[in-house]
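>>> Kindly generate the corresponding structure for this input.
(2 chains)
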Amino acid sequence: ILNVEQSPQSLHVQEGDSTNFTCSFPSSNFYALHWYRWETAKSPEALFVMTLNGDEKKKGRISATLNTKEGYSYLYIKGSQPEDSATYLCASLRGNQFYFGTGTSLTVIP
Amino acid sequence: EAQVTQNPRYLITVTGKKLTVTCSQNMNHEYMSWYRQDPGLGLRQIYYSMNVEVTDKGDVPEGYKVSRKEKRNFPLILESPSPNQTSLYFCASWGGASSGELFFGEGSRLTVL
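Have a look, this model is predicted:
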């Protein structure tokens, strides 16, 4: 089993704060790194798909970076809003299988 | 609209009573997969399929079966459910590197008594 680890496990921030989470994955045989946003009672929705070392992607206030050589990705949220409250999952694609981390649960306090 | 549809969404059953969770996608994706979500363990892959009639075990296949007779459907079969299969199940499809992301169904919450 491929170990994908996410930290922190949970996070509470005040509205307007910026925050970031980490996803660590084995760097060997890397193919792609996915980030998903998962709200309670809904299905996970894709934020970013990243494949190249040094990739940086941005969607509104959310951005992500990728370091395939050292095996980590950061997700940043600038100026957190209550609607950002969700669990953020990362998944590493190796061969034909996706390996998910356990997620970072973000709560943004108004 | 791109969609992955799972049924049933909620099910309570008893030990040993065979059940099937259906999954259907409308994106003509070749890759489909099943995951289970348990507290503290993240999403774990049960089975996946690269194409029609091609299925492979994921990390936790014990107690499950799948079939892929047509591209759009990928049912998950629990021949003899046990309480340790109580979980939240997700089906997902993927169009490969060209399309990028996994598309998830809405989840099926299964309770085995």
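>>> ok, which stretches of chain B are strands?
In chain B, the strands defined using DSSP state E lie at B:4-7, B:10-13, B:19-25, B:31-38, B:42-51, B:54-57, B:65-66, B:76-78, B:87-94, B:102-104, B:108-112.
>>> Could you save those as JSON lines and add columns showing mean pLDDT?
Shown next, in JSON lines, are the strands of chain B (pLDDT from 0 to 100):
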{"stretch": "strand B:4-7", "mean pLDDT": "96"}
{"stretch": "strand B:10-13", "mean pLDDT": "95"}
{"stretch": "strand B:19-25", "mean pLDDT": "97"}
{"stretch": "strand B:31-38", "mean pLDDT": "96"}
{"stretch": "strand B:42-51", "mean pLDDT": "93"}
{"stretch": "strand B:54-57", "mean pLDDT": "95"}
{"stretch": "strand B:65-66", "mean pLDDT": "97"}
{"stretch": "strand B:76-78", "mean pLDDT": "97"}
{"stretch": "strand B:87-94", "mean pLDDT": "96"}
{"stretch": "strand B:102-104", "mean pLDDT": "95"}
{"stretch": "strand B:108-112", "mean pLDDT": "97"}
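>>> Of all those strands, which one is nearest A:Phe100?
Minimum separation from A:Phe100 across the strands of chain B (CB to CB) falls at strand B:42-51, 4.0 Å. From N, CA and C alone the C-beta is placed, and that goes for glycine too.
>>> can you tell me if the closest one touches chain A.
Yes: remark: strand B:42-51 sits within contact range of chain A at B:42-45, B:48, B:50, by CB under 8 Å from any CB of the partner chain.
>>> from the chain's centre, how far out does the longest strand seen in chain A sit?
Across chain A, the strand with the greatest residue count (assigned by DSSP E) is strand A:86-94. Chain-centre distance of strand A:86-94: 6 Å, with CA atoms, centre = their mean, to the nearest Å.
>>> Over to stretch A:25-44?
In terms of CA atoms, centre = their mean, the centre of stretch A:25-44 is found 7 Å from the chain centre.
>>> how about it, does it get close to chain B?
Yes: using CB under 8 Å from any CB as the criterion, contacts between stretch A:25-44 and chain B involve A:31-32, A:34, A:36, A:42-44.
>>> got the residues of chain B near chain A?
Within chain B, the positions adjacent to chain A are B:4, B:31, B:33, B:35, B:40-45, B:48, B:50, B:56, B:58-59, B:90, B:97, B:100-107 by CB under 8 Å from any CB.
>>> still on that earlier bit, can I get the strands of chain B in TSV with distance to A:Ser85?
Converted to TSV, the strands of chain B look like this (distance: least, CB to CB, whole Å):
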stretch	distance to A:Ser85
strand B:4-7	24
strand B:10-13	24
strand B:19-25	28
strand B:31-38	18
strand B:42-51	19
strand B:54-57	35
strand B:65-66	34
strand B:76-78	30
strand B:87-94	19
strand B:102-104	19
strand B:108-112	21
